[in-house]
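K.L.:
Sequence and predicted structure below; questions after.
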Amino acid sequence: MLRTLHIRDFVIVEQAEIHFDAGFTVFSGETGAGKSILIDALALALGERGDAGVLREGAQRADITALFDTPEALTGWLAERELDAGPELALRRVVDAQGRSRAYLNGNPVTVALLRELGEHLVDIHGQHAHQSLMRPDAQRDLLDAHGGHAPLRQSVAQAWKQWRALLKQLDAAEHDAGTLAAEQERLRWQADQLDSLNLAPGEWDALQTEQTRLAHAQSLRDGATQVIEALDGENGSARQRIGLAMHQTQQMLRHDPSLTSLAQALESADIAINEAVSDMNSYVDRVELDPQRLAEIEARMGAAFDLARKFRTEPGELPALRDTLHARLADMQAAADIEALRRQVQAAQAEYAQAAGALSAARRKVAKDLGKQVSQAMQTLSMKGGAFEVALLEGAPSAQGGEIVEFRVAGHAGATPRPLAKVASGGELSRISLALSVMASRAARVPTLIFDEVDSGVGGAVAEVVGKLLRELGERHQVLCVTHLPQVAACGNAHYQVSKTENRGKTRSGIELLTPESRVEELARMLGGIKITDTTRRHAREMLGIEVSS
């Protein structure tokens, strides 16, 4: 879960460090004090887009660090990416005055994309305008799939769709461009035939060069070898004669000085080495052939390779690889030109897509019924007695997201026929349904921290108290943070932070503090009664917090 959020020079926050615990934590404050700025700062640390506009006026850079406990479920994910995180994850984001952004994980530079991907495993943010997105069919589909944990099924459908569409495109090209394809095949086949005729083997060019050099210089090599043998073992002052003389003289000296033993042994080794060198050189002379015919054959083959390499604008040694590439392209084109084979592949890919989409549809039908039941139950507690919610799956055109359209429907009261959400729900009803959906989806969420940014807008009174209890209940399973303007919701928090705004010399600053029980009473009284706080509002605030009220 989130342990600490450190903010420096972000919008109107000069510096703040907030420490968090488990359970349900609320943030309140006057309009414009910067409550949602805290959520925006955390979102930046989690990889959201940022630019120079997030800097506090006059600052050189904004610096946000969010410290999390490392969830056990992330151990494998981190290991796959060779990230040694340890028991804590420090996600840091820095944006400078030029809009340049840098991201860090535990002090090590990482990409913003990695930070964003990691953040998806740590935090789920429900924004204050979430109810507006419910009007979009794609948002309804995404929420249903998130509630059901359908990510693996959706990935399978998307992959099958991509393969199917790619084969369809290939088939269409084959059917409409058969003439062009045939001409290209003919050109490649002519090139491949020329390379096949030469049939230069991999590595053969280097071998030809070596052999040509040796044959072209065979006579000089033999002459040189003969001179070496003469120098080592000739009759007139050769190395072997001189070493023999030195060995004889040393043996005479050993009679009087045994310390020369090692020198005598070294001379014996030199004599043996000379004998071996002479033997090897004689063998070399025998191997060096004067073969003009073989030299002519090699030079003719090298010339043919040079000519072909020049024609194809490559190096002679690359000709075997080029030949393999041309044959591979011809094989691919042959397969592409096989219309019937392509049609069979398209049919197989379509069947695979249908199977994947069918599995996703079955999972959606099951979850749709469950989600409809749960949201309908929640509606009864949110001043929508007798109301009902259902998820309809309508037949749609096949797509990367599956084969149906997801449509949320609602009946505002008993006996009414459920109709599309966008057509029948009022603003207040839409806010409550959105909240119910957010809570239901969050119950199924696997992330440890859930954030609700004024999702309670549009509700009040007894409904607000129910919302607060729902969020507190959710806080028993997740760490829940909520920005709220409702005292009924704020009163349900396990911890309460107040965000305030001050002005000094024409500059606005935002601050945040953890409220004590007494200061919490004052804040709830302000939320209840506005600027003027009376004893009555204080008494009401104490009652909401369960603090004994003195008579």
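P.N.:
Alright, I've got the coordinates.
K.L.:
tell me which element residue 139 is part of?
P.N.:
Using DSSP states H and E, residue 139 sits within helix 137-148.
K.L.:
Report all helices and strands that that helix contacts.
P.N.:
On a contact count with 3 or more Cβ pairs under 8 Å, 6 or more residues apart in numbering; DSSP states H and E, helix 137-148 meets helix 339-381, strand 402-411, helix 427-443. Glycine gets a C-beta too; all of them are placed from N, C-alpha and C.
K.L.:
Relative to residue 226, tell me which of those wins on proximity.
P.N.:
Nearest to residue 226 among those is helix 339-381; the distance by Cβ to Cβ comes to 67.5 Å.
K.L.:
one step back: show me what counts as buried in the helix or strand following the helix holding residue 139.
P.N.:
Scanning forward in sequence from helix 137-148 by DSSP H and E, the next helix or strand is helix 151-176. For helix 151-176, the buried set under the neighbour-count rule, 16 or more other Cβ atoms under 10 Å, comprises 153, 154, 156, 157, 158, 160, 161, 163, 164, 167, 171, 174.
K.L.:
can you check stretch 23-40 too?
P.N.:
Burial within stretch 23-40, assessed by neighbour count using 16+ other Cβ under 10 Å, is assigned to 23-30, 33-40.
K.L.:
Restricting to C-alpha, output it in CSV.
P.N.:
The C-alpha coordinates for stretch 23-40 follow below in CSV (Å, rounded to 0.1, in the frame of the first residue of the first chain):
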residue,chain,number,x,y,z
GLY,A,23,-8.0,1.7,6.1
PHE,A,24,-10.1,4.6,4.8
THR,A,25,-8.4,8.1,4.6
VAL,A,26,-10.3,11.2,3.6
PHE,A,27,-9.2,14.6,2.4
SER,A,28,-11.3,17.7,2.7
GLY,A,29,-10.9,21.4,2.3
GLU,A,30,-12.4,24.5,0.8
THR,A,31,-13.0,24.7,-3.0
GLY,A,32,-9.7,25.5,-4.7
ALA,A,33,-7.6,24.6,-1.8
GLY,A,34,-5.8,21.9,-3.8
LYS,A,35,-7.5,18.6,-2.7
SER,A,36,-7.4,17.1,-6.2
ILE,A,37,-3.9,18.4,-6.7
LEU,A,38,-2.7,15.7,-4.3
ILE,A,39,-4.3,13.0,-6.6
ASP,A,40,-2.8,14.7,-9.7
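K.L.:
that older thread, any buried residues in the helix holding residue 139, and which?
P.N.:
Buried, per 16+ other Cβ under 10 Å, within helix 137-148: 137, 140, 141, 142, 143, 144, 145, 146, 147, 148.
K.L.:
One more: stretch 70-87?
P.N.:
By neighbour count with 16+ other Cβ under 10 Å, stretch 70-87 contains the buried residues 71, 74, 78, 83, 85.
K.L.:
what residues are up against the third one?
P.N.:
Same thing as residue 78. For residue 78, the contact set (Cβ atoms under 8 Å, 6 or more residues apart in numbering) comprises 70, 84, 85.
K.L.:
Quick check: pLDDT value at it.
P.N.:
At residue 78, the model reports a pLDDT of 88.
K.L.:
for it, helix, strand, or coil?
P.N.:
For residue 78, the assignment made with DSSP: H, G, I helix; E, B strand; the rest coil gives helix.
K.L.:
try the last one
P.N.:
With three-state DSSP as the basis, residue 85 sits in coil.
K.L.:
Check residue 4 too.
P.N.:
Residue 4 - assigned by three-state DSSP - is strand.
K.L.:
who's it bridged to?
P.N.:
For residue 4, the beta-bridge partners under DSSP bridges are residue 19, residue 67.
K.L.:
Now for it, how many residues are close by?
P.N.:
As a burial measure, residue 4 scores 14 neighbours (other Cβ atoms under 10 Å).
K.L.:
Quick one: residues contacting it.
P.N.:
Applying Cβ under 8 Å, 6+ apart to residue 4 gives the contacts 17, 18, 19, 20, 65, 66, 67.
K.L.:
May I ask you to confirm that the fifth one belongs to a strand?
P.N.:
In other words, residue 65. Yes: under three-state DSSP, residue 65 sits within a strand.
K.L.:
can you pull the buried residues of stretch 493-511?
P.N.:
Neighbour-count burial for stretch 493-511 [16+ other Cβ under 10 Å]: 493, 495, 496, 497, 498, 499, 501, 509, 510, 511.
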